[in-house]
Each structure stands twice: as structure tokens, then as C-alpha cells.
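Engineer: sequence plus the predicted model coming up.
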Amino acid sequence: MGDYADSLAEFVRVLGLNRPHVLGLSFGGALALALYERHPSLPRSLILAGAYAGWAGSLPADEVQRRVQLISEEVTQPPDDWLPKYLPGMLTESAPREMAEQTLALMSGIHPRASLTMLRAMANADLRGILPNIDVPTLVLHGELDARSPLAVGKALHTKISASQLVVLPGVGHLSNVEAADAFNFEVRTFLRSLRGPVGP
């Protein structure tokens, strides 16, 4: 995970961005935390959506082992044979059929070896130690019915990050940015606008 974080930091440097706001969903949330751990002066704020402190930092060891074993076996098979059963962990049953089909189509573009490398990094990551040290404004944004990263995970992040606020999006799952795009964008914009400070005359 540290290598991913260093790559992201270099990407930000090459783009010439000055202390960007960093938003990450799921794996991206863990990456945002790893970025802060290794480059704490880089992010102006953090937005952690459906995030984990790494799988090792947020899930029971047996669940981490189960996920890694399952994905390691399935990723060698044609995506159409196994990806559909992951969809219920991403969206709720009430998600429109067209949304579910579009999400599955995007998921079908998976690169198996790269994805397995990424997920193993996620499985081994335990970023709980950095959480009490985070002193930039942080929004923990979580779907109420997230089956992949349960709401208890988001609440734990909020509890351990003193500079954080928790917003729960009701009735939606892991991909809250897809299932409740308007509400997701509203909360992100509200958070970012709150960081601008008072506007002068």
C-alpha cells in the first residue's frame, strides 16, 4: 500500500497540485490514509467513502483470509462466471436494474493480475495507527446499508479520527457515489465549501 501511496504522491507532484483535497472510495479510502501516513503535508483534507483502514485494520482476520482466498481462486476464471455475485455487496437490492447492469459492465473490465496485487495490498494493510494522528479536516461518508465495508467500519474511522465528521447516506450500499450520486455529491460539496472559511467583503 505504501508503494501505491508514493505513486499517488508523485502523480500529484507532476500535476503541480498544491495540497489537493483527496477523496477515495473503498480501496481509494485506504489509499488516502496511506498517502497521509507517508506524505502528511500533501492532503488539504480527506474524504473517506465506504473506506477501510485496510482490510487488516478494519475487518476480522478470518474475513480477510476468506476474501483473499475467494478472490485468488475466482480471478483466474472468466469474469462473467463470478463477478455477478459480487454485485449485491456493491449495491442494495433496491438499486435500479439499469444501474446494476452498468455497474456490472464496468466491473467486467477488471484486469485480473493487477486487481489481485491491489487486493493483496489492501488485505495486508493495517492503517489504524495513523488514524489518531490525522489533523486535517476529514469527512467519513458511508452508505447505511454497505455490505462490503459495514457501517461499523465507518463509525470506527470517525471515532479514531478526531478531526472527522461522519455522514451516513440512508438506504444505500458500498457504491454510494453510484446509488445515491446526488446525495453523495451534495455532502462532498458541503464539506469542501465548509473549508473555505469566511468570505471577505
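Structural biologist: Nice, I can see it. Residues are numbered from 1 along each chain as shown.
Engineer: only C-alpha atoms for contact and neighbour calcs from this point on.
Structural biologist: Fine.
Engineer: contact partners of stretch 186-197?
Structural biologist: Residues outside stretch 186-197 that contact it (C-alpha atoms under 8 Å, 6 or more residues apart in numbering) are 47, 139, 167.
Engineer: then stretch 26-35?
Structural biologist: By C-alpha under 8 Å, 6+ apart, the residues outside stretch 26-35 that reach it are 1-2, 4-6, 8-9, 22-24, 46-54, 122, 127, 130-131, 149, 174.
Engineer: right, and the helix or strand after the worst-scoring helix or strand of the chain on mean pLDDT?
Structural biologist: Least confident element among the helices and strands of the chain, by mean pLDDT, DSSP states H and E: helix 79-82 (a mean of 83). Remark: after helix 79-82, the chain's next helix or strand is helix 87-90, criterion DSSP states H and E.
Engineer: starting at the chain centroid, how far to that next one?
Structural biologist: 15 Å (C-alpha atoms, centre = their mean, to the nearest Å).
Engineer: packing partners for that helix?
Structural biologist: If you count contacts as 3 or more C-alpha pairs under 8 Å, 6 or more residues apart in numbering; DSSP states H and E, helix 87-90 packs onto helix 97-107.
Engineer: what residues sit buried inside the helix or strand in which residue 65 is found?
Structural biologist: Assigned by DSSP H and E, residue 65 belongs to helix 61-74. Buried residues in helix 61-74, counted by 16 or more other C-alpha atoms under 10 Å: 64, 68, 71, 72.
Engineer: swap in stretch 96-105?
Structural biologist: So for stretch 96-105, counting by 16+ other C-alpha under 10 Å, buried means 100, 103, 104.
Engineer: just stretch 108-125 next, same as before
Structural biologist: Those would be 112, 116, 119, 120, 121, 122, 123, 125, for stretch 108-125 by 16+ other C-alpha under 10 Å.
Engineer: secondary structure element holding residue 171?
Structural biologist: Per DSSP H and E, there is no helix or strand for residue 171.
Engineer: one more: residue 167?
Structural biologist: Assigned by DSSP H and E, residue 167 falls in strand 164-169.
Engineer: which other helices and strands does whichever helix or strand comes after that strand contact?
Structural biologist: Next helix or strand after strand 164-169 toward the C-terminus (DSSP H and E): helix 176-179. Here helix 176-179 touches helix 181-194, going by 3+ C-alpha pairs under 8 Å, 6+ apart.
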